[in-house]
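A.B. asks: Give me a 3D structure for the following:
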Amino acid sequence: MKVGEVVGNLDFNVTELSPENRFNNERLRILIVALNYAPELVGCAKYTTEFAEDLVARGHKVEVVTGPPYYPAWSVPSGYSGARWSNETLNNVVVHRTPLYVPPRPDPFKRMMHLASFGAAALPAALGVALRFKPDLVFAVAPTLAAASTALAAAKASGASSWLHIQDFEVDAAFDLNMLKNTTGRAMALRVESSLFRTFDRVSSISPAMIQRLVAKGVSTDRIVEFRNWVDVDAVQVFASPNTRYRKELGIPDDQIVALYSGNMAGKQGLEVLAQVAKNLKAALAPVSLLLCGEGPARLALEASCKGVDTVHFLPLQPSERLPELLGTADIHLLPQRPEAADLVLPSKLTGMLASGRPVVAMASEGTGLAHEVEGCGLAVAPDAEAMTIAILRLADDPDLRRTLGAAGRLRAETRWRKSAIIDDFEVEAFTLSDRV
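C.D. replies: Numbering: from 1, shown residues only. Below you'll find the predicted structure:
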């Protein structure tokens, strides 16, 4: 199931439509409602921004209703405000910013207020844009579901089709990860979620396992599509040698194996295991250094746990233009994940890891969607420090295996995660929804 291959009775073949006359030079008007957007660098913001900018580059008109940037630092930077509405144009995308409550130390209650504040502030903005812009499609990104009803209202007001895209199942994650614990509240939230899901013309998610969860939640299969996250494989260079400038800047010897984690540092990642992995590797006298790159609420605790382990190096989030070099610095990529999050999210960082031509060690139980995605191009291990340590040592001792798995990962990125092909298929489905194919 892919975008362009709706589960049901739609009968068309993307490959039968030549690029030059696929849409007869018609263009769409698309309104995106999403909490996170550029200049944020990680997570949902990255994909929503690339999606909007790619659509504009293809000639479509796109406007975005979003909040001010704040993630993963949970702080609104200078030049933006969480207290007012504003507009700007970024790379030819018109962006409408809403007020947003951003707690500096988010707890479960404050997170709920944070999400609700966006849903409330986005409603007048989205309605105003929809009535003026007259979109063909209103596309909502979850998280947060707090904006889903806003997107539906904007679609109804403008006569547009509606599409809800699930980057992660935030209700399930909140309870399964013990962020929220009230069972009555969970039942109510799931009923609201199910009602919203069934109202959209299309509901998509990013992996086969997450698609199956949509089916289990009662979404009609003829409205479900898979819309993967992607990687710009042409922009991610495969470095022949991992001895990049990063190693020199950090003082990592050329003969050290570098195991890299790069991404958000929050609760869902289970990053606390990396401190124990580092200690295990140090005790084994393994020639392995850990490079941990990112920002988020779990970083301070991780730094404290790694104190005194001189084979661990921390970096802040790196600019996008240096990301290929950062990924190429790794001999091994690390993908920790709490077991409770299995099949609730598919970590977006996996795409860049595969494209870099380096093997992945992923915490993923057998049978999960993540284990399936890394099969043949990495090692899926039990979600604990000992299992990850053993996998790292195995790869550190076997350069041929690293090369074989890394090459397979690059090929998989090119064939399964290519950005241009994924957005091509979205484009076909969007035209189908607007009855213009």
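A.B. asks: Now do the strands in the stretch 1-150 of the chain.
C.D. replies: 29-33, 61-66, 86-90, 93-97, 137-142 (DSSP state E, counting those that start in this stretch).
A.B. asks: Need the three-state assignment for the closest residue in space to G369 that isn't next to it in sequence.
C.D. replies: If the residues on either side of it in the chain are set aside, G369 comes closest to A209, at 3.0 Å by Cβ to Cβ, 6 or more residues apart in numbering. (C-beta placed from N, C-alpha, C; glycine too.) In three-state terms, and counting by DSSP: H, G, I helix; E, B strand; the rest coil, A209 is helix.
A.B. asks: List the contacts of A209.
C.D. replies: When contacts are counted by Cβ atoms under 8 Å, 6 or more residues apart in numbering, A209 touches D343, L346, T368, G369, H372.
A.B. asks: so when I look at the last one, I'm seeing a strand, right?
C.D. replies: Put plainly, it is H372. No - assessed with three-state DSSP, H372 is helix; it does not lie in a strand.
A.B. asks: Nearest residue to the residue minimising distance to the centre of the chain in space, please, no chain neighbours.
C.D. replies: The C-alpha lying nearest the average C-alpha coordinate of the chain belongs to S348 (Cα atoms, centre = their mean; 3.7 Å). Counting by Cβ to Cβ, 6+ apart, S348 lies nearest to N229, which is 5.0 Å off, once chain neighbours are set aside.
A.B. asks: Could you do R97 as well?
C.D. replies: Beyond its immediate neighbours in the sequence, the residue positioned closest to R97 (Cβ to Cβ, 6+ apart) is S86, lying 4.6 Å away.
A.B. asks: Near that neighbour, how many other residues are there?
C.D. replies: By other Cβ atoms under 10 Å, the residues close to S86 number 12.
A.B. asks: For R84, see how far away A430 is.
C.D. replies: A430 sits at a distance of 32 Å from R84 (criterion: Cβ to Cβ, to the nearest Å).
A.B. asks: Tell me which of those two has more neighbours.
C.D. replies: A430 (25 against 11).
A.B. asks: quick one, what contacts the more buried one?
C.D. replies: Under the criterion of Cβ under 8 Å, 6+ apart, the neighbours of A430 are L28, I30, D136, L137, S161, W163.
A.B. asks: Now, of those residues, which are buried?
C.D. replies: A residue is treated as buried here by neighbour count (16 or more other Cβ atoms under 10 Å); on that basis the buried members of the contacts of A430 are L28, I30, D136, L137, S161, W163.
A.B. asks: Reformat the residues you listed into CSV and put pLDDT and distance to M113 next to each item.
C.D. replies: Putting those into CSV (pLDDT from 0 to 100; distance: Cβ to Cβ, whole Å) gives the following:
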residue, pLDDT, distance to M113
L28, 96, 35
I30, 98, 29
D136, 97, 34
L137, 97, 30
S161, 97, 31
W163, 97, 27
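A.B. asks: Tabulate those in CSV, adding columns for distance to K279.
C.D. replies: Supplementary listing: the buried ones among the contacts of A430 in CSV, determined by distance: Cβ to Cβ, whole Å:
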residue, distance to K279
L28, 53
I30, 49
D136, 55
L137, 51
S161, 53
W163, 46
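A.B. asks: name the element the nearest residue to E366 once chain neighbours are set aside belongs to?
C.D. replies: Here the nearest residue to E366 in space, its sequence neighbours aside, is A380; by Cβ to Cβ, 6+ apart that works out to 7.2 Å. Per DSSP states H and E, A380 falls inside strand 378-381.
A.B. asks: And that strand, what's buried?
C.D. replies: Residues G378, L379, A380, V381 are the ones in strand 378-381 that count as buried (16+ other Cβ under 10 Å).
A.B. asks: where in the stretch 201-350 of the chain is pLDDT low?
C.D. replies: Low-confidence segments of the stretch 201-350 of the chain, defined by pLDDT under 70: 267-268, 340-345.
A.B. asks: what are the ranges of the strands in it?
C.D. replies: According to DSSP E, counting those that start in this stretch, the stretch 201-350 of the chain carries its strands in the segments 202-205, 224-226, 257-262, 288-293, 312-315, 332-335.
A.B. asks: Now render those as TSV, adding mean neighbour count and distance to D397.
C.D. replies: Output for the strands of the stretch 201-350 of the chain, formatted as TSV (neighbours: other Cβ atoms under 10 Å; distance: least, Cβ to Cβ, whole Å):
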stretch	mean neighbour count	distance to D397
strand 202-205	25	38
strand 224-226	22	37
strand 257-262	24	9
strand 288-293	23	10
strand 312-315	18	20
strand 332-335	26	11
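A.B. asks: Brilliant, that's me finished.
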